[in-house]
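1. below are the sequence and a predicted model; questions follow.
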Amino acid sequence: QVQLVESGGGLVQAGGSLRLSCAASGRTFSSYAMGWFRQAPGIEREFVAAISRRGGNTAYADSVKGRFTISRDNAKNTVYLQMNSLKPEDTAVYYCAAAPVSFGLVTRTIRQYDYWGQGTQVTVSS
């Protein structure tokens, strides 16, 4: 069982930056690939970024590539999402999630993620 708690959301102007954090409970954090997803009102939850169990591999949605960076600190049981050059279309609830995939792999597939946080709101004003 893994419990995930996101933090760091808020209101920011377009062009600004935010850093989201996701703290995981338990001693098996490094057994999971981690991902960030987002959901805006009326839109299906979508993949944002993912990172492999030791952080050696990452993947990004095209819409955030070059602006967002995912990272993790297994000693702190925490995964981060650094978001720069934010746009109004980045406004959404952001969720972190854990996927029990094999070492070195990342996944963009929602159904492969077993554990989810409660989400943190990010609002980007124009």
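-> Done, it's in. Numbering: from 1, shown residues only.

2. tell me what the spatially most central residue of the chain is bridged to.
-> Here the mean C-alpha position of the chain is nearest to the C-alpha of Trp36 (CA atoms, centre = their mean), at a distance of 2.2 Å. Per DSSP bridges, the residues bridged to Trp36 are Ala49, Cys96.

3. so where's this protein uncertain?
-> For the chain, the stretches flagged by pLDDT under 70 are 27.

4. run through the strands of it in chain order.
-> Secondary structure of the chain (DSSP state E): strands at 4-7, 10-13, 18-24, 33-39, 46-51, 58-60, 68-73, 78-83, 92-99, 115-116, 120-125.

5. could I get the ones you listed as TSV with distance to Leu105?
-> Yep, even glycine has a C-beta here, placed from its N, CA and C like the rest. Below are the strands of the chain laid out as TSV (distance: least, CB to CB, whole Å):
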stretch	distance to Leu105
strand 4-7	19
strand 10-13	32
strand 18-24	18
strand 33-39	6
strand 46-51	9
strand 58-60	10
strand 68-73	14
strand 78-83	16
strand 92-99	9
strand 115-116	17
strand 120-125	26
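
6. among those strands, which comes closest to Arg108?
-> Checking the strands of the chain against Arg108 by CB to CB gives strand 46-51 as the closest, at 4.4 Å.

7. my read: Asp40 touches Tyr94, true?
-> For residue 40 the amino acid is Ala, not Asp. No: applying CB atoms under 8 Å, one finds Ala40 not in contact with Tyr94, separated by 10.3 Å.

8. count the neighbours of Ala33 for me.
-> Residues near Ala33, counting by other CB atoms under 10 Å, number 27.

9. pull the contacting residues for Glu44.
-> By CB atoms under 8 Å, 6 or more residues apart in numbering, Glu44 lies in contact with nothing.

10. tell me the spacing between it and Arg108.
-> Relative to Arg108, Glu44 is positioned 13 Å away (CB to CB, to the nearest Å).

11. follow-up on the earlier one: so between Ala40 and Tyr94, which is more surrounded?
-> Taking neighbours as other CB under 10 Å, Ala40 and Tyr94 compare with Tyr94 leading, 23 against 14.
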